[in-house]
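Participant: dropping a prediction and its sequence here:
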Amino acid sequence: MSDAKDFPSAEFFHRLSADENGYRKLADWLKTTTGIHMPPTPKNFTLMASRLSKVMIRLGLRTYAELHRNLLDGDPSVQKAFIEALTTNKTEFFREAHHFEILPRIVENIVQHKTELRLWCAAASRGHEPYSILMTLLESGFNLQTHRLKFLATDIDQTVLEAASKGVYRADELMDVSSSLRSKYMVKLRDTAAGERWKFRDELRNLITFAGFNLVGFPYGFQHKFDIIFCRNVLIYFDPKTVLKVKTHLAEALAADGYLFIGHSETGASRVPTLQTMEAAVFKKLQEAS
Ligand SMILES: C[S@@+](CC[C@H](N)C(=O)[O-])C[C@H]1O[C@@H](n2cnc3c(N)ncnc32)[C@H](O)[C@@H]1O
């Protein structure tokens, strides 16, 4: 690897965004490895260059060809930096509120027949989604004394997962978390230069297991099935064939009568026969034929 200090970043950025051949190789690797589909369009040439130029300067890589070689060689730090630069981690608390309105009713139905609830949040990003789910469960009266909760939150991006497991958020990210929820489930940290910040209480954070997981790493191989899976706002980055495969494997990971939540903008064409639409962007797993 070479010293990158001599790269003027604007010139470097332009050189990368003009390298269509290199782009195609990287986009192929990205799609095969993560499912993220970035077709070769002028907008994506710019997007990839802007996401990668800083990372490449940090890693001392001059060209897409050099980066591609490192990816093929299996350098884990380069692979991690590349994948994390190209994931989009946008998220918010109680995003797509409709799902949080119907969740209590769904949970109530499930726990009538079980003493354990198994939940998986499969693209958890920085944690806003799993903590929103958890607060909704507890607010709706889910009883941790009478029912065991197994809650797995995963993402392909380790850096956002680390932030999720810390559970620290700036006040401006918490606009959709009411002050009563904040004082019940979070503690205010001492003010720093970063401004007002709040942290989820340890008792809450300890209820969630955060782990790396790639949605296109088939087969999934879980020992136990889940009652509820949230997999929202990640399928939009995959092509239709990959969406169908992921939904099929998610359906397999669901218990009979379990529920799959996807993003409201992800309800398009691909249909999985074992999943029945219940509500907007909510599916119920049908009983498997015996
Ligand atoms: C836009 S965020 C959505 C976060 C959250 N589900 C929500 O709806 O607010 C998409 C997340 O999917 C993750 N992701 C992308 N490809 C993935 C893959 N192949 N396996 C697991 N997670 C992936 C990204 O790292 C990112 O954190």
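Facilitator: Great, that's in hand.
Participant: alpha carbons only for contacts and neighbour counts from here, please
Facilitator: Fine.
Participant: got phi/psi on the residue most central in space within the chain?
Facilitator: Nearest residue to the geometric centre of the chain (Cα atoms, centre = their mean): residue 123, 2.0 Å. The phi/psi pair for residue 123 (degrees, to the nearest 10) reads phi -150, psi 70.
Participant: number of residues surrounding the closest residue to it other than its chain neighbours?
Facilitator: Among residues not flanking residue 123 along the chain, residue 155 sits closest, at 4.8 Å (Cα to Cα, 6 or more residues apart in numbering). Using other Cα atoms under 10 Å, residue 155 is surrounded by 22 other residues.
Participant: residue 120 is in contact with residue 155, correct?
Facilitator: No: applying Cα atoms under 8 Å as the test, residue 155 and residue 120 come out as separate, 10.8 Å apart.
Participant: which residues of the stretch 151-290 of the chain fall in helices?
Facilitator: For the stretch 151-290 of the chain, the helices defined by DSSP state H, counting those that start in this stretch cover 158-166, 179-185, 202-205, 240-253.
Participant: show me the contacts for the residue nearest to the centre of the chain.
Facilitator: 153, 154, 155, 156, 230, 231, 232, 233, 234 (Cα atoms under 8 Å, 6 or more residues apart in numbering).
Participant: among those, which are within reach of the ligand?
Facilitator: 155, 156, 232, 233, 234 (Cα under 6 Å from any ligand atom).
Participant: can I get these in JSON lines including distance to residue 283 and pLDDT?
Facilitator: Formatted as JSON lines, those follow (distance: Cα to Cα, whole Å; pLDDT from 0 to 100):
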{"residue": "155", "distance to residue 283": "21", "pLDDT": "98"}
{"residue": "156", "distance to residue 283": "24", "pLDDT": "98"}
{"residue": "232", "distance to residue 283": "12", "pLDDT": "98"}
{"residue": "233", "distance to residue 283": "15", "pLDDT": "98"}
{"residue": "234", "distance to residue 283": "16", "pLDDT": "98"}
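Participant: tell me the one of the residues you listed nearest residue 77?
Facilitator: Comparing those against residue 77 with Cα to Cα places residue 156 closest, at 14.0 Å.
Participant: tell me who's in contact with the closest one.
Facilitator: So residue 156 contacts 123, 212, 213, 214, 215 (Cα under 8 Å, 6+ apart).
Participant: repeat that for residue 9.
Facilitator: 53, 54.
Participant: now do residue 113
Facilitator: Per Cα under 8 Å, 6+ apart, neighbours of residue 113: none.
Participant: so it: helix, strand or coil?
Facilitator: The three-state label given to residue 113 by DSSP: H, G, I helix; E, B strand; the rest coil is coil.
Participant: again, but for the one 5 residues further on
Facilitator: Of the three states, residue 118 takes strand according to three-state DSSP.
Participant: coming back round to it: please report the distance of the residue nearest to residue 123 from residue 202.
Facilitator: 21 Å (Cα to Cα, to the nearest Å).
Participant: filter the ones next to the ligand among the contacts of residue 123 down to the ones in strands?
Facilitator: residue 155 (DSSP state E).
Participant: thinking again about what came up before, distance to residue 49 and pLDDT added to the contacts of residue 156, as a markdown table?
Facilitator: Below are those laid out as a markdown table (distance: Cα to Cα, whole Å; pLDDT from 0 to 100):
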| residue | distance to residue 49 | pLDDT |
| --- | --- | --- |
| 123 | 25 | 98 |
| 212 | 26 | 98 |
| 213 | 26 | 98 |
| 214 | 24 | 98 |
| 215 | 25 | 98 |
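Participant: the ligand next: which of those are close?
Facilitator: Answer for these near the ligand (Cα under 6 Å from any ligand atom): 123, 213, 214, 215.
Participant: for residue 89, which non-adjacent residue is closest in space?
Facilitator: Residue 89 sits nearest to residue 125 (Cα to Cα, 6+ apart), 5.6 Å away.
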